[in-house]
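Trainee: The amino acid sequence is not available; the structure is as follows:
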């Protein structure tokens, strides 16, 4: 008889626990935040993630329980930044949340209306401080369309010898680009097979110091010093 009573109360207890767990939203309850509340938030080194974004994320995450933390809103906040590639959250008990942010790399910059915009390797751009160090980046002049620049850039990036010498890329019109090298040489590229042009160019650069190398016309190379 006592066994039957024990079984009866056991099932009542299980049923009650099931009802509580299915109707009580743990994630939004302040009650659970007493268990392992987040007191410390550590970030990996970042270059482009704004401190204001970190501050907003901290407000969302601090004092929440490590056990049932919901990182969705914080993740959405980070992903609004065009420089953020991936975000990883790591729990470190009893009270620390580590946030690892992987950023896209800067590849070039352009100027517009006296403002400077930085371009990353996802081909997105953002306004930067005019005092930023741009010494090792390619300047893009006459930027009209990011899609056109992306197409051109992806064609030349694997041409190691040529690409490493580029200082300025200048869009002319309809698929035409001029390139200025670090030594000041001007390369006028034509609107035809770019791989073919770079092949010729690599041969010419090894043997010529002409100030202007004109490849605009297929099958003809013009060298000039002024």
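Mentor: Noted; the coordinates are in hand. It should be emphasised that the depicted structure is a prediction, and the values quoted were computed from it without experimental measurement.
Trainee: Provide the secondary structure category for residue 198.
Mentor: helix (DSSP: H, G, I helix; E, B strand; the rest coil).
Trainee: Endpoint to endpoint, stretch 100-116 covers what distance?
Mentor: The stretch stretch 100-116 measures 28 Å between its terminal residues, going by Cα to Cα, to the nearest Å.
Trainee: Of all the residues in it, which ones are buried?
Mentor: For stretch 100-116, the neighbour count (16 or more other Cβ atoms under 10 Å) marks 101, 103-104, 106-110, 116 as buried. Yep, even glycine has a C-beta here, placed from its N, CA and C like the rest.
Trainee: and of those, the nearest to residue 68?
Mentor: Closest approach between the buried residues of stretch 100-116 and residue 68, by Cβ to Cβ: residue 101, at 22.8 Å.
Trainee: would you list the buried residues of stretch 100-116 in CSV and tack on distance to residue 66?
Mentor: Output for the buried residues of stretch 100-116, formatted as CSV (distance: Cβ to Cβ, whole Å):
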residue, distance to residue 66
101, 19
103, 25
104, 29
106, 34
107, 38
108, 41
109, 41
110, 44
116, 41
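Trainee: In those, find the pair that's most separated.
Mentor: Farthest pair in the buried residues of stretch 100-116, by Cβ to Cβ: 101 and 110, 25.2 Å.
Trainee: And for residue 176, the neighbour number?
Mentor: Neighbour count of residue 176, defined by other Cβ atoms under 10 Å: 13.
Trainee: pLDDT score for the nearest residue to it once chain neighbours are set aside?
Mentor: In this structure, residue 176 finds its nearest non-sequential neighbour in residue 191, 5.2 Å apart by Cβ to Cβ, 6 or more residues apart in numbering. Here the pLDDT value assigned to residue 191 is 95.
Trainee: May I ask you to confirm that residue 191 belongs to a helix?
Mentor: No: judged by three-state DSSP, residue 191 forms no part of a helix; its state is coil.
Trainee: correct me, but it touches residue 171?
Mentor: No: judged on Cβ atoms under 8 Å, residue 191 makes no contact with residue 171 at a distance of 11.8 Å.
Trainee: if we can go back for a sec, got TSV for the buried residues of stretch 100-116, with pLDDT, distance to residue 127 and secondary structure too?
Mentor: Listed next are the buried residues of stretch 100-116 as TSV, based on pLDDT from 0 to 100; distance: Cβ to Cβ, whole Å; DSSP: H, G, I helix; E, B strand; the rest coil:
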residue	pLDDT	distance to residue 127	secondary structure
101	98	20	strand
103	98	16	strand
104	98	16	coil
106	96	13	strand
107	97	16	strand
108	98	15	strand
109	98	11	strand
110	97	11	strand
116	96	7	strand
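Trainee: just these now: which is nearest residue 152?
Mentor: Closest approach between the buried residues of stretch 100-116 and residue 152, by Cβ to Cβ: residue 108, at 11.0 Å.
Trainee: so what's that closest one up against?
Mentor: Contacts for residue 108 (Cβ atoms under 8 Å, 6 or more residues apart in numbering) come out as 118-119, 137-140, 153, 169.
Trainee: Is it possible to get JSON lines of these that adds secondary structure, pLDDT and distance to residue 37?
Mentor: Below are the contacts of residue 108 laid out as JSON lines (DSSP: H, G, I helix; E, B strand; the rest coil; pLDDT from 0 to 100; distance: Cβ to Cβ, whole Å):
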{"residue": "118", "secondary structure": "strand", "pLDDT": "97", "distance to residue 37": "38"}
{"residue": "119", "secondary structure": "strand", "pLDDT": "98", "distance to residue 37": "41"}
{"residue": "137", "secondary structure": "coil", "pLDDT": "97", "distance to residue 37": "43"}
{"residue": "138", "secondary structure": "strand", "pLDDT": "98", "distance to residue 37": "47"}
{"residue": "139", "secondary structure": "strand", "pLDDT": "98", "distance to residue 37": "49"}
{"residue": "140", "secondary structure": "strand", "pLDDT": "98", "distance to residue 37": "48"}
{"residue": "153", "secondary structure": "helix", "pLDDT": "97", "distance to residue 37": "47"}
{"residue": "169", "secondary structure": "strand", "pLDDT": "98", "distance to residue 37": "51"}
